[in-house]
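*Asks:* Here is my input; please provide its structure:
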Amino acid sequence: MSAGGMNDKTGFPVFFTEVSNNLGRYEDYNLASEKFVDLFPPSEYPSVLDICCGIGKMSLALFYQGYKVTAVDLSSEQLEIARKNAPGPIYHQADMKKIPGDNFDLLINVYTSFGYYSTEEEDLALFNYWYGLLRPGGVLLMELADMERARNRINEQGSLIREENGITEYLYMDWDKRLLKVDYHRESQHWSCLTRLYEKETLKDELLKAGFSTVSLYGDFSLKKKEKDDNLVIIARKG
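*Replies:* Purely as a prediction, here's the structure:
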């Protein structure tokens, strides 16, 4: 299997979602969808765009909560599974900078589905584009690993090995370029992903530059204060 992220123009393979599921990384998304209802009830924010939806786990959870869900992903392989196993949302194969439709109430970009383009400029240009997809008063919600989390988990030499449920992850961090490469291994299967990480302050500043009126940073969907080992949750509101 080939490298993914900024080196892959067809999206992530199903193997990635399989190993992610084995590592327990989808366990909390039903709970997360319940938090979304508390924060942004479907009566006030009915239309949701799930950007980089994968096999549709979050899309389906949001659909069950009463949202009208549009979901996009670059991977035809993952979307085929989503349409079969997570029916209800409307699925589109699309790059996250070429999304059909606009005037959404909520944009959701979770599970570190950001930082995949060849340059930082391409990554950050998404904020202007996503701003334009939201109706006035709409909200962008992101959940992703940031540099603070990387520094807390990965040693100064930029390496970390993790093993769980028959999966081995080899992490390599280029601290100067802020590029994280993860090699996933399961028996004879192998796949690599390259992701650019950001400082949380940089993301906040860039979202404000894109026009968002307020940008708040948290440690999870319960809106607790972010600690070093937490993923970053961002809530950006369009005025």
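*Asks:* Regarding the nearest residue to Y117 once chain neighbours are set aside, what is its secondary structure?
*Replies:* Using CB to CB, 6 or more residues apart in numbering and skipping the chain neighbours, the partner closest in space to Y117 is D123 (5.0 Å). C-betas here are computed from N, CA, C, even on glycine. Secondary structure, DSSP: H, G, I helix; E, B strand; the rest coil: D123 is helix.
*Asks:* How about the contacts made by D123?
*Replies:* For D123, the contact set (CB atoms under 8 Å, 6 or more residues apart in numbering) comprises 114-117, 196, 198.
*Asks:* same thing with I55?
*Replies:* I55 neighbours (CB under 8 Å, 6+ apart): 14, 17, 78, 81-82, 85-86.
*Asks:* My guess is L179 contacts C193. True?
*Replies:* No - the pair L179 / C193 is not scored as a contact, 10.8 Å apart, by CB atoms under 8 Å.
*Asks:* Narrow the contacts of D123 to those in strands?
*Replies:* R196 (DSSP state E).
*Asks:* Now flag whichever of the contacts of D123 is closest to E143.
*Replies:* F114 (9.4 Å; CB to CB).
*Asks:* Looking at the contacts of I55, which one is closest to N152?
*Replies:* T17 (25.6 Å).
*Asks:* in which helix or strand would I find the closest one?
*Replies:* Using DSSP states H and E, T17 sits within helix 14-22.
*Asks:* Please identify the buried residues of that helix?
*Replies:* 15-20 (16 or more other CB atoms under 10 Å).
*Asks:* how far out from the middle of the chain is the strand ranked longest in the chain?
*Replies:* Longest strand of the chain, by residue count under DSSP E: strand 134-144. Offset of strand 134-144 from its chain centre (CA atoms, centre = their mean, to the nearest Å): 13 Å.
*Asks:* Report the rounded mean pLDDT for it.
*Replies:* Looking at strand 134-144 alone, the average pLDDT works out to 98.
*Asks:* again, but for stretch 10-24
*Replies:* Mean pLDDT, computed over stretch 10-24, is 75.
*Asks:* For D176, see how far away S213 is.
*Replies:* In this view, S213 and D176 are 34 Å apart by CB to CB, to the nearest Å.
*Asks:* Compare neighbour counts for those two and give me the winner.
*Replies:* S213 (12 against 7; other CB atoms under 10 Å).
*Asks:* burial of the residue lying closest to that one once chain neighbours are set aside, as a residue count?
*Replies:* In space, and not counting its chain neighbours, S213 is closest to G239: 3.3 Å by CB to CB, 6+ apart. Using other CB under 10 Å, G239 is surrounded by 9 other residues.
*Asks:* Okay, G239 and G138: tell me how far apart.
*Replies:* Distance, G239 to G138, by CB to CB: 10 Å.
*Asks:* one step back: I'd like the contacts of D123 as a markdown table, with pLDDT appended.
*Replies:* Shown next, in a markdown table, are the contacts of D123 (pLDDT from 0 to 100):
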| residue | pLDDT |
| --- | --- |
| F114 | 97 |
| G115 | 97 |
| Y116 | 94 |
| Y117 | 95 |
| R196 | 98 |
| Y198 | 98 |
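*Asks:* ok, the contacts of D123 vs M142, which is closest?
*Replies:* Closest approach to M142 among the contacts of D123 (CB to CB): F114, at 6.6 Å.
*Asks:* Brilliant, that's me finished.
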